[in-house]
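Peer 1: generate coordinates for the sequence data below:
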Amino acid sequence: MVKEGAVARERRLRQSPEATGYGGAVMRRYHHLGIPTDKPREGECYLDKFDVHVLGYDANPYGVEWMRYGPACPVPGLIRAMPHVAFEVDDIGAELEGRDVLIEPNSPSPGVTVAFVVEGGAPVELLKLEGAAAAMGSLFRGPAEVTEWDSLPAVEVPGESGSSRVRTVDGGAVRLRIVEHLPGYRADHWCHRGHAAYVLEGELVLEMKDGRELCLKAGAGFLGGGDAENPHRARTESGAKLLIVD
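Peer 2: The predicted structure is shown next:
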């Protein structure tokens, strides 16, 4: 049995089963809110196909997704300029009838079909989830391949003090990251997302919201942290390099 993460559980408890419209007609189920940004954020992953850095909606209990678009991003300007709300639907084809379609239905990953429409001048995303994606998403999609980490772009992410360099491989529902916290780094936010992490070099401290501190040295690992009520943040005096799966 797959355990539901704390953030996902909080989202589910907050979310109504479905939204209703005029006369009580069933409409769509809220999925996430996408917000464009020009600020790098810790944990974001780079999608080379779309030239966009994304911090997914599953990284917080409110389903907010941050997107930092690059100059070569093919996404229409309206989506790059404005926030969009996303709804999960049962039949995308039926939803598009009579609508101003901005992006035709397409499948960015197995079991996921998306399309965009324009409503009142604002972009709206429609999602159809099937199979494993409807339950928990597919894990590492695509064929097996070698990752040359040094060839991946390193995103500089500022902290409350210091900064981190992050290289990311997007595996669908799971991402793989090499995170290098530079000396003097301390995160500028509390993280609610769960991680499996292994310290490759150096030493860092995980501060828990409840006051506990976990000291991790090279060769140590960390599993968990996906707790909406007791998030965590990292700090290091001398620097640390980690492999993180989340």
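Peer 1: so for stretch 121-129, what gets flagged as buried?
Peer 2: Neighbour-count burial for stretch 121-129 flags 123-129 (criterion: 16 or more other CB atoms under 10 Å). (Glycine included, C-beta is placed from N, CA and C.)
Peer 1: and of those residues, the nearest to residue 66?
Peer 2: Proximity of the buried residues of stretch 121-129 to residue 66 (CB to CB) peaks at residue 125, which lies at 14.6 Å.
Peer 1: thought the closest one was touching residue 84?
Peer 2: Yes. The pair residue 125 / residue 84 is scored as a contact, 5.4 Å apart, by CB atoms under 8 Å.
Peer 1: wait, what's in contact with the residue positioned nearest the centre of the chain?
Peer 2: In the chain, the residue lying closest to the centroid (CA atoms, centre = their mean) is residue 56, at 1.6 Å. By CB atoms under 8 Å, 6 or more residues apart in numbering, residue 56 lies in contact with 45, 65.
Peer 1: pLDDT at it, what is it?
Peer 2: If you check residue 56, the pLDDT there is 83.
Peer 1: measure it to residue 187 for me?
Peer 2: Residue 56 is 18 Å from residue 187, where distance means CB to CB, to the nearest Å.
Peer 1: neighbours around residue 175, how many?
Peer 2: As a burial measure, residue 175 scores 19 neighbours (other CB atoms under 10 Å).
Peer 1: so who does it touch?
Peer 2: With CB under 8 Å, 6+ apart, residue 175 has these contacts: 45, 168-169, 245-246.
Peer 1: take those residues and lay them out in CSV including distance to residue 151, neighbour count and pLDDT.
Peer 2: Converted to CSV, these look like this (distance: CB to CB, whole Å; neighbours: other CB atoms under 10 Å; pLDDT from 0 to 100):
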residue, distance to residue 151, neighbour count, pLDDT
45, 16, 20, 86
168, 13, 22, 90
169, 11, 17, 86
245, 20, 16, 88
246, 22, 20, 79
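Peer 1: output those residues as a markdown table; include the columns distance to residue 115 and secondary structure.
Peer 2: Formatted as a markdown table, these follow (distance: CB to CB, whole Å; DSSP: H, G, I helix; E, B strand; the rest coil):
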| residue | distance to residue 115 | secondary structure |
| --- | --- | --- |
| 45 | 23 | strand |
| 168 | 26 | strand |
| 169 | 27 | strand |
| 245 | 31 | strand |
| 246 | 28 | coil |
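Peer 1: of the residues you listed, closest to residue 91?
Peer 2: For the contacts of residue 175, the closest approach to residue 91 (CB to CB) belongs to residue 45, at 30.0 Å.
Peer 1: which residues touch the closest one?
Peer 2: Residues counted as contacts of residue 45 (CB under 8 Å, 6+ apart) are 53-56, 168-170, 175, 177.
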